[in-house]
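>>> Quick one, fold the following:
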Amino acid sequence: MIKYVLQTLVICACLFQQGKGCFPFRHNGIHVVVANSLPPNTDPLLLHCASKNDDLGNHTVTINQTFSFSFCVIPWATLFYCDFAWGSKRAHANVYDAKWKGHSHCGGSHTCYWEARGDGIYLTGVKRFDWQ
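From the prediction side, this is the model:
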């Protein structure tokens, strides 16, 4: 019996390492999309996103383009943030926090859709932050 349990754990670990899913939780993958919906003929959106363990680097997102990333959630621990810059304007947002109740902040979805607009930063069509 122990032999079969160990074999199952090895198979699950191999699938996890190959990116086939979020082990050990089946449905805890999150996809974050940040869209540049700023006015035409303006500066691009400069973006830096990271978590405690992963720095996703600096990205230049041009008008009507997106930057996206996916990850597996560690319950009650995963936190990703992004720093937004547009010309002289700045904003900071926690783009995903495992402490949020369910996926309510992301419209009940496993995709968190953020948008930079001329008047601020939006999540799923709702304004969350003003530019500073």
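>>> Residue 81: neighbouring residues, count only.
15 (other C-beta atoms under 10 Å). For every residue, glycine as well, the C-beta is placed using N, CA and C.
>>> Can you list phi and psi of the closest residue to it other than its chain neighbours for me?
Of all residues not flanking residue 81 in the chain, residue 94 sits nearest, at 5.0 Å (C-beta to C-beta, 6 or more residues apart in numbering). Listed backbone geometry of residue 94 is phi -80, psi 110, with angles given as degrees, to the nearest 10.
>>> swap in residue 39?
phi -60, psi 150.
>>> number of nearby residues for it?
By the measure other C-beta under 10 Å, the count of residues near residue 39 is 10.
>>> which ones are touching the closest residue to it other than its chain neighbours?
Across the structure, with C-beta to C-beta, 6+ apart as the measure, the residue nearest residue 39 apart from its sequence neighbours is residue 118 (5.1 Å). The neighbourhood of residue 118, defined by C-beta atoms under 8 Å, 6 or more residues apart in numbering, consists of 38-39, 42.
>>> What separation do you get for residue 118 and residue 38?
Separation of residue 118 from residue 38 (C-beta to C-beta, to the nearest Å): 6 Å.
>>> Tell me who's in contact with residue 94.
Counting by C-beta under 8 Å, 6+ apart, residue 94 makes contact with 79-81.
>>> Give me the subset of those lying in helices.
Residues from these lying in helices, with DSSP state H as the criterion: none.
>>> Closest one of those residues to residue 48?
Each of the contacts of residue 94 was checked against residue 48 using C-beta to C-beta; the closest is residue 81, at 9.0 Å.
>>> list the contacts for the closest one?
The neighbours of residue 81, taking C-beta under 8 Å, 6+ apart as the test, are 49-51, 92-95.
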